[in-house]
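J.: My questions concern the predicted model and sequence given below.
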Amino acid sequence: MTAAPAIPRTTISRIVKSLVLTMLLATGLTLSTATTRAQAPDVDISAALERFSRESLSQTRQAVTSIAESGAPQAQPLLSALLNNRLRFDPATKKVYYRSTGDKWFDAATGKTVAQVPEKLERVRINNRLRVQINQALGTLSLRAPDPKTRIAAAETIFKSKSADALANIDAAIKLERDDAVRSKFEQARAAIIVSREQSTPDERSKAIRTLGGRGDQAAIAALRSLPASADARSKEQAATAIKSIEERLALLAHAQNVWYGLSLGSVLLLAAIGLAITFGVMGVINMAHGEMVMLGAYTTFLVQEGFRALAPGMLDWSLPVALPLAFLVTALVGVAIERGIIRFLYGRPLETLLATWGVSLILQQAIRTMFGPTNQEVSAPSYMSGAFDFMGLSITYGRLWIIVFTLLLFFALLLSIRFTRLGLYMRAVTQNRRMAAAMGIRTPWIDAMTFGLGSGLAGLAGVALSQIDNVSPNLGQNYIIDSFMVVVFGGVGNLWGTLVSAMTLGIANKFLEPFAGAVLAKILILVLLILFIQKRPRGLFALRGRAVEA
Amino acid sequence: MITKYLISRHDKAGIVFLTIVGLMAVLAPLSNLLLPESSPLHVPTYVLALLGKYLCYATLAVALDLVWGYCGILSLGHGAFFALGGYAMGMYLMRQIGTRGVYGNPVLPDFMVFLNWKELPWFWYGFDMFPFSLLMMVAVPGLLAFVFGWLAFRSRVTGVYLSIITQALTYALLLAFFRNDMGFGGNNGLTDFKDILGFNIQADGTRATLFFLSAILLIAVYLISRWIVHTSYGKVLVAVRDAEARARFLGYRTEHYKLFVFTVSAMMAGLAGALYVPQVGIINPSEFAPANSIEAVVWVAVGGRGTLVGAALGAFAVNFMKTFFTTGALAAYWLFLLGGLFILVTLVMPKGILGLFGSMSAKLRKPGSSQPAALQPAE
């Protein structure tokens, strides 16, 4: 039995290792998002550029027209430089240069950077009439900008303005566009113009309405509503059907969004409760300081991040993967200390345990408040956790997605380690029959300490994740303690799967109640329903059966 | 029969306790009102208000001890009953303001005018009459405890599960009372009271009377609790605490016993809250905070659970320490101390201060012999 202490340690380090690995893998995936660039034809605009050097407003006007029509890749930065008085020409060589906002000089003929520009440069002058012309040209150009995001943004602007003037430009842009996604945006913008224009023919309209129907969002409904009163009856009917089908789709989407938010909330609940599922669920210890373990995890993250900020600001994105094992270690050690120092004297007296651990929670809170102050500490999100992407009309933020993934990984890692590791086996043995386990040579006090350490460590890991979505303050843990107990009790004490199901159910139920009742009332309703539920099934959704119940 | 229990068979601690509270009830207000401020025996008004607050806390502690110490129901939601009683009193006091409010509306309290409400919500009806309000101070906490207890005890929710759902109950109420559209003043609660039963609430005479009433309430609650635990009914309560299953198999309907004592205790807590509000001048949702209820539990634990006198003693001791620490430069250390107290009491003095006294006097009387295990509260 001398080997027993070593085994748990390796198990824990194995869990931590796998967690770090998955975090790393996923980072790589997000960074390698593929981007496509529209190919712009290489054209010679030197003839037009030459006109800039003639110091005549009419010559400049002609130059702007021909550059805008040329489709040269540097046309957009060149014209905006002209608009902002950053276009220069060399009177000696007649060469034209422009300066970017980043203070770099470019050769206007090639669009390449130049290291050294001639000393005597003259500014190309413009007047108000030219400014109007340049602005129009830029609007058209952004439909041909090399970056697809700029082109989409330009199309969206036109979609919202529905200005008929842009029709010719967008028609031309559709012909040139090679990126399917961007072209469909152009076509939608065109459809919006056609639908809202008085003089469109019924055939044009019906095609445009179909395009808008395919887009299927709130903006499409607005565009369809802009159908003029003079439109033909068939188009009107078509538009009405399209609006109805979009609204149905949106309602469905709202439900999907609710489920997603619910899963997200559920995973936060699961994160907060997962450590408690071990300390309370498996060991039966009422640990009121559980929330403070979460808080300690969050503060560890804060400290790690501050360390990175001070020593290696370039590697700030690594602070979370580094904080994970550290937070686990710190909170697990604190947990073991609490178990050895206090809880072990109180086994079999759950109410006393409750009071003593509440005292521990007060002390930990005040200790953190004394050290860091009562204010919120800022923990910034790493680059792979900020931003959002669109999934079938659902806007999904990377932060939420990561937390769900992390929670599920944590859950299954825990499940497997209880099922397949030596520590897990001992843990189950001790909870099922302590005396028999002791008779078989298991050091039960040691297993108690390790189990409590594991539960506390899990709370610390939860703290790392929650530091991303909640305020890191001394009160962080307080907000989760009642919820966590509710999750564990609802799911059935001593049942990890029950905890998973219960967290997700509560999360989704909460989010579905929110639209009707408001956030606070939804929470109250859930609490009341839970209180009533516990009356019906005091042992939770998935109650343990057999001898373990009375143990 | 009742008088026999009320006047006789008091243990030494009980007699000392009754004497002290009785003397306090009479002497402190008299000294405040009659003695000149220069006199060394004069009790300043702020001390009187503070002591009055402690008396209400002590009443809450005795009520809690009745359910926890004698019936084993660790309620982490007794603060909710206290606060509900307080709100009932607060509503009465709000209706007494009348046209003296900032907006001068004769019927609607200021916060309702501010929220643009046009008429009084139905649950505010009747609170302009004191007898009705008095009834509500007892009935609302009592009814809540009855319904909650009926559901919980009938389905045999016991031990920590019960503790956790009582905590959820007070937490849900906390969230609910924070909402502005609940009609209880939201975040700010009820305050700015003017008078009670026609007497100015700020006047020294009113304050002294309220203090006297708080002391009388504490004595009454103590005597009733004592009477309950000393009847044969009380013996069954202790049986339920120590071995509920066995009591049930002996034919006792344990859930009825628990329900009764839980409801009575909630009513007592409601009355304590009702007297607390006019003395501190405000009631707001933070009174529902789960931390408050747990703090009340620690008063009982510090004093010694299952003793009634100990609960009141604990309430005084802990709150005195709290006032002492939080008003000085030591404010930052109060939570360390309170937290340490929780751990200390559970680990080394499970019988509280009173238990400590008991074992010391036992040692003095019979040196060398071990003390008798008189009251050994089990789970």
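T.: Received, thanks.

J.: I figured A:Ala92 was touching A:Leu121, is that so?
T.: No: using C-beta atoms under 8 Å, A:Ala92 is not in contact with A:Leu121; the gap is 10.0 Å. C-beta here means a position set from N, CA and C on the backbone, and glycine is covered the same way.

J.: So those two - more neighbours on which side?
T.: A:Leu121 (17 against 10; other C-beta atoms under 10 Å in any protein chain shown).

J.: For the more buried one, which residues are in contact?
T.: For A:Leu121, the contacting residues are A:Arg88, A:Phe89, A:Asp90, A:Tyr97, by C-beta atoms under 8 Å, 6 or more residues apart in numbering or on different chains.

J.: quick one, helices of the stretch 251-400 of chain A?
T.: Secondary structure of the stretch 251-400 of chain A by DSSP state H, counting those that start in this stretch: the helices cover A:290-311, A:319-341, A:350-372, A:398-420.

J.: ugh, wrong one, I meant the stretch 51-200 of chain B
T.: Per DSSP H, counting those that start in this stretch, the stretch 51-200 of chain B carries helices over the ranges B:78-97, B:110-114, B:130-154, B:159-178.

J.: What subset of the contacts of A:Leu121 is buried?
T.: Buried members of the contacts of A:Leu121, scored by 16 or more other C-beta atoms under 10 Å in any protein chain shown, are A:Arg88, A:Phe89, A:Asp90, A:Tyr97.

J.: pLDDT score for whatever residue of chain B ends up closest to chain A?
T.: The nearest approach of chain B to chain A comes at B:Phe342, 2.6 Å away (C-beta to the nearest C-beta). According to the prediction, B:Phe342 has pLDDT 88.

J.: returning to what we had before: mind putting the helices of the stretch 251-400 of chain A in JSON lines, mean pLDDT and distance to chain B included?
T.: Output for the helices of the stretch 251-400 of chain A, formatted as JSON lines (pLDDT from 0 to 100; distance: least, C-beta to the nearest C-beta, whole Å):
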{"stretch": "helix A:290-311", "mean pLDDT": "94", "distance to chain B": "10"}
{"stretch": "helix A:319-341", "mean pLDDT": "95", "distance to chain B": "9"}
{"stretch": "helix A:350-372", "mean pLDDT": "91", "distance to chain B": "3"}
{"stretch": "helix A:398-420", "mean pLDDT": "92", "distance to chain B": "22"}
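
J.: residue contacts, A:Leu496?
T.: Contacts of A:Leu496 by C-beta under 8 Å, 6+ apart are A:Ala277, A:Gly281, A:Phe411, A:Leu414, A:Leu415, A:Ile418.

J.: Is it possible to mark the buried ones in the residues you listed?
T.: By neighbour count, with 16+ other C-beta under 10 Å, the contacts of A:Leu496 hold A:Ala277, A:Gly281, A:Phe411, A:Leu414, A:Ile418 as buried.

J.: How about residues contacting the helix or strand harbouring B:Val236?
T.: B:Val236 belongs to helix B:232-242 when elements are defined using DSSP states H and E. Helix B:232-242 has contacts (C-beta under 8 Å, 6+ apart) with B:70-72, B:228-229, B:246-247, B:250, B:252, B:254, B:257-258, B:261, B:377-378.

J.: let's go with 6 Å and repeat that
T.: B:Tyr70, B:Cys71, B:Gly72, B:Ile228, B:Ala247, B:Tyr252, B:Thr254, B:Tyr257, B:Val261, B:Ala378 (C-beta atoms under 6 Å, 6 or more residues apart in numbering or on different chains).

J.: and the two most separated of those?
T.: Of all pairs drawn from the contacts of helix B:232-242, the greatest distance, 19.7 Å, lies between B:Ile228 and B:Ala378 (C-beta to C-beta).

J.: neighbour-wise, which of the two wins?
T.: B:Ile228 (20 against 11).

J.: Please enumerate the strands of chain B.
T.: B:190-191, B:195-196, B:199-200, B:282-283 (DSSP state E).

J.: thinking again about what came up before, for the residue of chain B closest to chain A, which non-adjacent residue is spatially closest?
T.: Distances taken as C-beta to C-beta, 6 or more residues apart in numbering or on different chains place A:Gly359 nearest to B:Phe342, at 2.6 Å, with adjacent residues excluded.

J.: pull the helix or strand with minimum mean pLDDT from the chain.
T.: Just so you know, I chose chain A. helix A:6-31 (a mean of 48; mean pLDDT, DSSP states H and E).
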